[in-house]
Structures are given as C-alpha cells and as structure tokens.
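A.B. asks: What would the 3D arrangement of this be:
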Amino acid sequence: MLKLRFLMLIITLLTSITTFAESKLVTVDINTANAEELALVLIGVGEKKAQAIVDYREQNGYFGSADELDKVKGIGPKTIEKNHNKIVVSAPPATPETQTPVTEPPATEPSTPPKTETLPAKAPPEAVQ
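C.D. replies: Numbers count the residues shown, from 1 in each chain. You can find the predicted model right below:
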C-alpha cells in the first residue's frame, strides 16, 4: 500500500513538471535567429527548413509578419499555425534611409559666469568704538 502511494506521488510530480515545462512559452525572433535556434524552437521545422528561413531572410530582407514564412519553400500554413505563438517578428534595424535626421541645436553665445565681488570682512562689534 505504501509503495502504491509512493508510485502515485511520483507520477503526479512528473506530470506536473511536464505540464509546467510545456506551459513555459519559448519564442524565437524569425528576423534575428540563426538556423539552429529556429530548428530548436519551431515545431515541424528541422535544420534544412530552418536554414531555408535564414537564406530567404538574407536574400529578401526581414519578415513583416509570421504569415510571410509561407514564402519560404517547405513552410506552409499548417507549420505557421502550429508555431504562431512561438514566433516573434522584430522590426528591421534602422538604416540611413529610415533614420530621422539629427538636428543640431541652434548655436548660442557662450555663457559667461556671473561676476562676484569680494566684500571686506566686518569687524566684530567689540572692536568698534
């Protein structure tokens, strides 16, 4: 009887750990991840498909959305749907064409520190007659 309870406890703990691990959401940014990271996180994407994603990105630029993965050979709507909650799409880095120009503040006269005067010290009251 004690062995049965112990076995049930172990099964319950293992089930809880597995459920917790599965509930931890791992994401991958398809605009910055390498092939190894993509293959590790995305369901149904092995090394070859992951490398195809990286190659497509390098040839065509950043992805605007996860749905654009269907342009990659071997990636279809079902794969995208299975991984939609794992995919992050970051904005492309700023380029000189997309950066807002920095404007210089208007030139101003250099400020001069205020003049200070040194006043003579007052004589103590008992010294004055």
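
A.B. asks: okay, CA-based contacts and neighbour counts for the rest of this
C.D. replies: Noted.

A.B. asks: Next, work out how far apart Arg57 and Ala33 are.
C.D. replies: Arg57 is 10 Å from Ala33, where distance means Cα to Cα, to the nearest Å.

A.B. asks: quick one: which helix or strand includes Glu81?
C.D. replies: Assigned by DSSP states H and E, Glu81 belongs to helix 77-83.

A.B. asks: can you list contacts of that helix?
C.D. replies: Leu42, Ile43, Gly44, Val45, Ala66, Asp67, Leu69, Asp70 (Cα atoms under 8 Å, 6 or more residues apart in numbering).

A.B. asks: Buried residues in that helix, which are they?
C.D. replies: Buried residues in helix 77-83, counting neighbours by 16 or more other Cα atoms under 10 Å, are found at Thr79, Ile80, Asn83.

A.B. asks: Surely Thr27 and Val89 touch.
C.D. replies: No. With contacts counted by Cα atoms under 8 Å, Thr27 stays clear of Val89, the gap being 10.1 Å.

A.B. asks: quick revisit: any chance of the buried residues of helix 77-83 in a markdown table, with distance to Leu2 and pLDDT too?
C.D. replies: Below are the buried residues of helix 77-83 laid out as a markdown table (distance: Cα to Cα, whole Å; pLDDT from 0 to 100):
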| residue | distance to Leu2 | pLDDT |
| --- | --- | --- |
| Thr79 | 47 | 96 |
| Ile80 | 48 | 96 |
| Asn83 | 43 | 96 |
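
A.B. asks: closest to Leu38 among those residues?
C.D. replies: Checking those against Leu38 by Cα to Cα gives Asn83 as the nearest, at 10.8 Å.
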